[in-house]
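**Q** Sequence and predicted structure are below.
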Amino acid sequence: MASWEKVCLPKVFGGLGFRNDQRWNHAILAKYIWAISEKMDLLWVKWINSIYLKGSDFWTYKLPPDTSWYWRKLCNLRDKFSREDVKAAGLTGKFYSSILYNNSLCHQQVGYHKAVWSRLSLLKHRFLLWQVVNAQLLTFDNLLRFRVPLDSLLCPVCGDFEESHAHLFFECALSKQVLDLIFGWLDCITWPYEYRFLLWQVVNAQLLTFDNLLRFRVPLDSLLCPVCGDFEESHAHLFFECALSKQVLDLIFGWLDCITWPYEYD
């Protein structure tokens, strides 16, 4: 099951687009500190500057201990957001809480969000594809982790092996038939033998990418992708976000005489 933090991320960051209520509330309140710091021509802003700030800069203002609770709440927002992020949210002359909220999230954009949330897909299929990409399908092995009582762990389709994410897409008899049809359409027999172990690592997200090595406290000089050098190397980056990966996908789409799946590249 996906964590609440993951679910609350914007879709471009790999989440479902829900908002964390506390963080969103802070982003909405930040509209007031934006108005104060920009010294908007508003009566209450002038009153704040006259009574509290008295010509001082809002971001360096020292809060006295006997101040009112609402002014203390506003001043404490300075610990939540930086001056640059607040200013960027109101760069057009109108403050957008959504921009500040997204900028406050310390996450990188994922490369699969446009394929998953394409308008050409049905809504329920978009959610299912999101579960597939994040290995969050309610397969029997995932249900077992949460101690959900099950009569059997065997795959209900083939009945030969335990149902898991890897089995569902590569090991099940039905999955193999689908793959045979795909290989036939591509005019090839099967995965090359020398790539099978590598493919197993890919399916199970076991490649020794820098983010996986970091989990085991392997000392690294840098987390940046050695190919593009722009983003941290991870499983998702390696196959969807890296500049080289996008070039390879372009070549494959050209070979298949199709444009996209649908997937637009930045």
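**A** Structure received. Only a predicted model underlies this, so the values are computations on that prediction, with no experimental measurement involved.
**Q** Give me the domain ranges for this structure.
**A** 4-103, 113-255 (automatic domain parsing).
**Q** So Asp141 sits against Ala166, correct?
**A** No. Asp141 is beyond contact range of Ala166, at 9.3 Å (criterion: Cβ atoms under 8 Å). Any C-beta I mention is one placed from the backbone N, CA and C, and that applies to glycine too.
**Q** which of the domains of the chain has the lowest average pLDDT?
**A** Mean pLDDT is lowest for domain 113-255 among those, at a mean of 80.
**Q** Tell me how far it lies from the chain's centre.
**A** Offset of domain 113-255 from its chain centre (Cα atoms, centre = their mean, to the nearest Å): 16 Å.
**Q** Which strand or helix spans Leu129?
**A** Element membership for Leu129 (DSSP states H and E) is helix 123-133.
**Q** Return the following helix or strand past that helix as PDB; C-alpha atoms alone will do.
**A** Sequence-wise, the next helix or strand downstream of helix 123-133 (DSSP H and E) is helix 140-145. The C-alpha coordinates for helix 140-145 follow below in PDB (Å, rounded to 0.1, in the frame of the first residue of the first chain):
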ATOM      1  CA  PHE A 140      -1.800 -11.700  -2.700                       C
ATOM      2  CA  ASP A 141       1.700 -11.100  -1.500                       C
ATOM      3  CA  ASN A 142       1.000  -7.500  -0.800                       C
ATOM      4  CA  LEU A 143      -2.200  -8.400   1.100                       C
ATOM      5  CA  LEU A 144      -0.300 -10.900   3.100                       C
ATOM      6  CA  ARG A 145       2.100  -8.100   4.300                       C
END
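**Q** got a list of what Phe127 touches?
**A** Applying Cβ atoms under 8 Å, 6 or more residues apart in numbering, one finds that Phe127 lies in contact with Leu16.
**Q** Let me know the helix or strand that the residue lying closest to Ala243 once chain neighbours are set aside is in.
**A** Leaving aside its sequence neighbours, Ala243 sits nearest to Cys228 (Cβ to Cβ, 6 or more residues apart in numbering; 4.5 Å). In this structure, Cys228 is located outside every helix and strand according to DSSP H and E.
**Q** do the same with Leu181
**A** helix 173-185.
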